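Trainee: Provided below are the primary sequence and the corresponding predicted coordinates.
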Amino acid sequence: MINKLIASYQRKKTRRETVKNILSQDQRNENVVNIHRLDTKNIGDYYCAPHHYFDALKGKTLDIFDNKSQDKEVTKKFTNTISTNALIIGGGGLLNRNGFKLQMKLFETLAEGKKKTVLWGVGHNEKSPDTYGKVTSYNVDVGKFGLAGTRDLSMPGEFLPCVSCLHTEFDKPFTESQEIGLIFHKDTMRKPNILAMFKDYPSTSNTTNLEGLIDFIGKSETIITDSYHAMYWTMLLGKKVVVVPNSSKFYDFNHQPVFSSFENAIADVVKATTYSGVLEECRTINNQFYEKTANYLNL
């Protein structure tokens, strides 16, 4: 317990020092870097960033959590990369979440100066059930950024759904072979009582590879999930989806799922409907936003 407290203190100290170091640097826009949660164990977080889909951005990435690394070379690289490059921030649920607050406030401060900044497909991500469907503001002023594309329809910024819609996996043909499929968030996989409730149904998690997960959705008539991107990708493929929400992020997409609980999800499948044209819609919006970004950043 004491070791965990010490480690937490060290990470907080490092985060503050990293911000201080960045703000002390001369800010330039020599090239561009795409900052997001670069987590290969959560494929939603991993594939929600534009560097995967546009040649001018490929290889130009940075993990938003590198600001708290205890490896000094990592934080040094984070500081130098932020200071010398224009920033594309996102996608993912980076707003209204304590774990990202310090970084997002830093980017807001840099945006007020000469730093070129783009928010790409970011959205609110509040964990308290009291906020579900009730979020009315972000914890940063997106109007201060050079371009602001947000995935929350009713919130400030230009509506910009997750860029993962551009992945070529969504173009594959699929044949349905199962009525219901479960896709669990990686945290839910550690809850045996919930897993036991659905032991008679095929299931997977958002930690698997993208190709395998999209194939699982493709062969399912209806998906039950507590993963944002599993919900989104199910809609892209025109399938039915029942969502067990664990964050505010599920409530502000321009297409709505059926909301339920783990206890009632199976019964609520009859309420779910299919979707049409979502993939094409989201791809068009993202390609148009890239054109704006390319012009703004001279890509």
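Mentor: Noted; the coordinates are in hand.
Trainee: what's the neighbour count on Glu211?
Mentor: Neighbour count of Glu211, defined by other C-beta atoms under 10 Å: 13. Placement of C-beta: from N, CA and C, glycine included.
Trainee: after the strand or helix carrying it comes which helix or strand?
Mentor: According to DSSP states H and E, Glu211 maps onto helix 210-218. As assigned by DSSP H and E, the chain's next helix or strand after helix 210-218 is strand 220-225.
Trainee: List the buried residues for that next one?
Mentor: Using 16 or more other C-beta atoms under 10 Å as the test for burial, strand 220-225 gives Ser220, Thr222, Ile223, Ile224, Thr225.
Trainee: Give me the angle between the helix or strand following that strand and helix 210-218.
Mentor: Following strand 220-225 in sequence order, the next helix or strand is helix 228-236 (DSSP H and E). Helix 228-236 and helix 210-218 are oriented at 60 degrees to each other (axes from the mean of the first three to the mean of the last three C-alpha atoms, to 10 degrees).
Trainee: What is helix 228-236 packed up against?
Mentor: With contacts taken as 3 or more C-beta pairs under 8 Å, 6 or more residues apart in numbering; DSSP states H and E, helix 228-236 sits against helix 43-47, helix 210-218, strand 220-225, strand 240-243, helix 278-297.
Trainee: ok, and for stretch 104-115, which residues are buried?
Mentor: Going by 16+ other C-beta under 10 Å, stretch 104-115 has these buried residues: Met104, Leu106, Phe107, Glu108, Leu110, Ala111, Lys115.
Trainee: same question but for stretch 254-269, I mixed them up
Mentor: Here stretch 254-269 shows His255, Pro257, Val258, Phe259, Ser260, Phe262, Ala265, Ile266, Asp268, Val269 as buried, counting by 16+ other C-beta under 10 Å.
Trainee: now these as CSV including distance to Ser203?
Mentor: Compiled in CSV, the buried residues of stretch 254-269 are given as follows (distance: C-beta to C-beta, whole Å):
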residue, distance to Ser203
His255, 24
Pro257, 18
Val258, 18
Phe259, 20
Ser260, 16
Phe262, 12
Ala265, 12
Ile266, 13
Asp268, 17
Val269, 15
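Trainee: out of those, who's nearest Val135?
Mentor: Phe259 (15.1 Å; C-beta to C-beta).
Trainee: for the stretch 151-299 of the chain, which spans come out with low pLDDT?
Mentor: Across the stretch 151-299 of the chain, nothing is flagged by pLDDT under 70.
Trainee: same question, the stretch 1-150 of the chain
Mentor: 3-9.
Trainee: Lys41 versus the residue nearest the centre of the chain, what's the distance?
Mentor: Residue closest to the average C-alpha location in the chain (C-alpha atoms, centre = their mean): Gly92, at 1.9 Å. Here Gly92 is placed at a distance of 14 Å from Lys41 (C-beta to C-beta, to the nearest Å).
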